[in-house]
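[1] mind looking at a prediction? Sequence and model below.
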Amino acid sequence: MHKSPLRSFHADHGAQMVEYAGWEMPLRYPAGVLAEHHQVRNSGGIFDVSHMGRVEFKGRHARRLLERLCTRRVYDMQEGQARYSLVCNEQGGVKDDVLVYRMDDDKFMLVVNAANREKLLKHFEEVRAAGDLSCSIDDQTLKTAMVAIQGPKVMDLISRVSSEIPNLKRYRFTVKNLMIVKLIVSRTGYTGEDGVEVILPANAIGMALKLLMKDIDPNADDALIKPAGLAARDSLRTEAGMPLYGHELGEEINALSCGINFAINMDKADEERGEAFIGLEALQKTQGEGGSARTLVGLKLDGKRSPRQGHAVYAGDQQIGEVTSGCLSPTLGYPIAMAMVAREHAEPGRTLSVDIGRVRLEGETVPLPFYKAPKKS
């Protein structure tokens, strides 16, 4: 099992550690998941996401390889831009969702999900070899650390150490030097809040955290930033309607049913728009047949009980889908779920129910996301 470069930080703050995708990671801290969730929504939280894969692509054909792998266009990305994309199989199923970083003309980085890293590395090498492409593929995951700092007051903290980073646009990044250490700081995240994600050498994470949090006591009630674990990360991303591999995304799930069509450039089929990606033909066939049979919806439910992945979704007495993610929303105060349902039941305002065992939770379909961070005036 891999150990996070932040393991001493987790021990110092009393984290409950669990195995996740081959890594020992913090599930929660002593204050509890609910407190961590509200801390991120109201102020700021720091997450260890070092388990996420970080893979560098470098060389003359790096862009061509990524055009073949990714459902989003790569050729028109600017240096310093990050772009959310999917990696599909030939059948149009989703191998993973990724973030593509363009470092310069022939150097890119992909951030991938921990559970898919080894599978994807093999896939990347196979596609590179099949195309006889001149490009190195360097898995930097174990040599680096990654943290996400998320919340409405995070930029107040960041501004203490940098005037440039708070001026970054969403899905842009910059490379900064901290003493002799190079950091990649991106204005990205997975909680629905503003914030940054930082990638740096694994042996430098202790120094970086001390500098960032030098005036902060995470144990103080009014601390600007406090640590948060995997459980709070999941409830936050569910409220924000963000998909997770193994839930809303998967090899057997058609990419056009996942509610993220913005991440699929269906016209990406020539050199002008970007080389066709793996799975495009299958998705074009799906599109030509009127779309996928099922699609992702949001469900707002009654009561205080939590829906979970796999719970059946009904329209009257007919089962028309199942829950992919669900929770009792800490921010909204009622149960929410994302669910794959038959397309004819997907429009907002439909009355549906979820069978959670002995009872059914009544509710209705609603647009995603469930929660949007308030805009700053």
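    Thanks, I have it.
[2] for the rest of this, base every contact and every neighbour count on C-alpha atoms.
    Fine.
[3] contacts only, for Gly321.
    Contacts were defined as C-alpha atoms under 8 Å, 6 or more residues apart in numbering; by that measure Gly321 touches Ala312, Val313, Tyr314, Ala339, Met340, Val341, Ala342.
[4] before we move on, which element is it in?
    strand 318-328 (DSSP states H and E).
[5] for the record, mean pLDDT for that strand?
    For strand 318-328, mean pLDDT rounds to 98.
[6] let me see the ranges of the strands in the stretch 51-200 of the chain.
    53-58, 82-88, 94-104, 107-112, 136-139, 144-150, 173-178, 181-186, 195-201 (DSSP state E, counting those that start in this stretch).
[7] same list (the ones you listed) but as TSV, adding mean neighbour count.
    Conversion of the strands of the stretch 51-200 of the chain to TSV gives the following (neighbours: other C-alpha atoms under 10 Å):
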stretch	mean neighbour count
strand 53-58	22
strand 82-88	23
strand 94-104	22
strand 107-112	21
strand 136-139	16
strand 144-150	25
strand 173-178	16
strand 181-186	19
strand 195-201	23
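[8] now render those strands as a markdown table, adding mean pLDDT.
    Below are these laid out as a markdown table (pLDDT from 0 to 100):
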| stretch | mean pLDDT |
| --- | --- |
| strand 53-58 | 98 |
| strand 82-88 | 98 |
| strand 94-104 | 98 |
| strand 107-112 | 98 |
| strand 136-139 | 98 |
| strand 144-150 | 98 |
| strand 173-178 | 89 |
| strand 181-186 | 93 |
| strand 195-201 | 96 |
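[9] now those in TSV, with distance to Thr71?
    Below are these laid out as TSV (distance: least, C-alpha to C-alpha, whole Å):
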stretch	distance to Thr71
strand 53-58	17
strand 82-88	5
strand 94-104	10
strand 107-112	13
strand 136-139	19
strand 144-150	25
strand 173-178	21
strand 181-186	21
strand 195-201	23
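[10] after the least confident helix or strand in the chain by mean pLDDT, which helix or strand is next?
    When the helices and strands of the chain are scored by mean pLDDT, DSSP states H and E, helix 205-212 comes last with a mean of 83. Sequence order places strand 226-227 as the next helix or strand after helix 205-212, per DSSP H and E.
[11] direction included, what does that following strand pair against?
    strand 45-48 (parallel) (DSSP bridges).
[12] contact partners of the strand it pairs with?
    Against strand 45-48 from outside (C-alpha under 8 Å, 6+ apart): 6, 25-26, 36, 39, 146-151, 225-230, 233.
[13] by contact count, what packs against the biggest helix by length in the chain?
    If each helix of the chain is counted by residues according to DSSP state H, the longest one is helix 117-130. When contacts are defined as 3 or more C-alpha pairs under 8 Å, 6 or more residues apart in numbering; DSSP states H and E, helix 117-130 sits against helix 62-69, strand 136-139.
[14] domain boundaries for the protein, per the record?
    2-53+142-239, 54-128+265-285, 294-366 (automatic domain parsing).
[15] now the ones you listed in JSON lines, with distance to Cys258?
    Compiled in JSON lines, the domains of the chain are given as follows (distance: least, C-alpha to C-alpha, whole Å):
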{"stretch": "domain 2-53+142-239", "distance to Cys258": "14"}
{"stretch": "domain 54-128+265-285", "distance to Cys258": "9"}
{"stretch": "domain 294-366", "distance to Cys258": "5"}
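[16] go through those domains and name the closest to Gly259.
    Smallest distance to Gly259 across these (C-alpha to C-alpha): 5.6 Å, for domain 294-366.
[17] how far does the closest one stretch from start to finish?
    One end of domain 294-366 to the other measures 16 Å (C-alpha to C-alpha, to the nearest Å).
[18] and stretch 300-313, by the same measure?
    End-to-end distance (C-alpha to C-alpha), stretch 300-313: 12 Å.
[19] which parts of it are buried?
    For stretch 300-313, a neighbour-count test (16 or more other C-alpha atoms under 10 Å) marks Lys300, Leu301, Asp302, Arg305, Ser306, Pro307, Arg308, Gln309, Gly310, His311, Ala312, Val313 as buried.
[20] so which of those comes closest to Leu86?
    Gln309 (21.9 Å).
[21] so who does the closest one touch?
    Listed by C-alpha under 8 Å, 6+ apart, the contact set of Gln309 reads His247, Glu322, Val323, Thr324, Ser325, Gly326.
[22] show the pLDDT at it.
    The model's pLDDT for Gln309 equals 98.
[23] can I assume it sits in a strand?
    No: looking at Gln309 with DSSP: H, G, I helix; E, B strand; the rest coil, it is coil, so not inside a strand.
[24] quick one, phi psi at it?
    Main-chain dihedrals, Gln309, degrees, to the nearest 10: phi -50, psi 130.
[25] any idea how far Gly241 is from it?
    14 Å.
[26] Pro5 too?
    29 Å.
[27] which one's more surrounded, these two?
    Gly241 (26 against 22; other C-alpha atoms under 10 Å).
[28] now the more buried one, what's its secondary structure?
    Gly241 - assigned by three-state DSSP - is coil.
[29] need the contact list for it.
    Applying C-alpha under 8 Å, 6+ apart, the residues contacting Gly241 are Gly298, Met338, Leu368, Pro369, Phe370, Tyr371.
[30] 7 Å - rerun?
    Leu368, Pro369, Phe370 (C-alpha atoms under 7 Å, 6 or more residues apart in numbering).
[31] pLDDT weak spots in the protein?
    215, 270-274, 377 (pLDDT under 70).
[32] let me know the outermost residue of it.
    When distances are taken from the C-alpha mean of the chain, Asp317 lies farthest, 34.7 Å away, according to C-alpha atoms, centre = their mean.
[33] relative to Arg360, how far out is it?
    Asp317 is 11 Å from Arg360, by C-alpha to C-alpha.
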